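[1] How does the following fold in three dimensions:
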Amino acid sequence: MYKYEIIIYWSEEDEAFIAEVPELAGCMADGKTYEEALKNAQVAIQEWIEIAKEIGREIPTPKGKLAYA
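    Residues are numbered from 1 along each chain as shown. Here you go, the predicted model:
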């Protein structure tokens, strides 16, 4: 299991929970429940990393909780 920060929030527009992975550009998922969004985000992280390896993209080291100013 990867240890990237995942931010989950409800989107009225999408009528779904959205899970974003800030450290992996463009990596996000959704789900009808919080748990489903989290599960889908974990799959998206794995797929993001697999594709990054295939195309030679650098894979960021997980930093844990990000600090915001």
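[2] Could you pull up the contacting residues of the residue positioned nearest the centre of the chain?
    Most central in the chain under CA atoms, centre = their mean is V21, positioned 3.1 Å from the mean C-alpha point. Counting by CB atoms under 8 Å, 6 or more residues apart in numbering, V21 touches Y4, E5, I6, I7, C27, M28, A41, A44, I45, W48. For the C-beta atoms, the positions are set from N, CA and C on the backbone; glycine is no exception.
[3] could you dump those to CSV with distance to E54, neighbour count and pLDDT?
    As requested, the contacts of V21 are exported to CSV (distance: CB to CB, whole Å; neighbours: other CB atoms under 10 Å; pLDDT from 0 to 100):
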residue, distance to E54, neighbour count, pLDDT
Y4, 19, 21, 94
E5, 24, 14, 94
I6, 23, 20, 96
I7, 26, 12, 96
C27, 15, 19, 98
M28, 20, 17, 98
A41, 20, 26, 98
A44, 16, 20, 98
I45, 15, 22, 98
W48, 11, 20, 98
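[4] Of those residues, which is the nearest to F17?
    Minimum distance to F17 across the contacts of V21 is 9.7 Å, recorded for A41 (CB to CB).
[5] The closest one is in contact with I7, isn't it?
    No - in this structure, A41 is not within contact of I7 by CB atoms under 8 Å, at 9.3 Å.
[6] where do the contact lists of these two overlap?
    Common neighbours of A41 and I7, using CB under 8 Å, 6+ apart, are A19, E20, V21.
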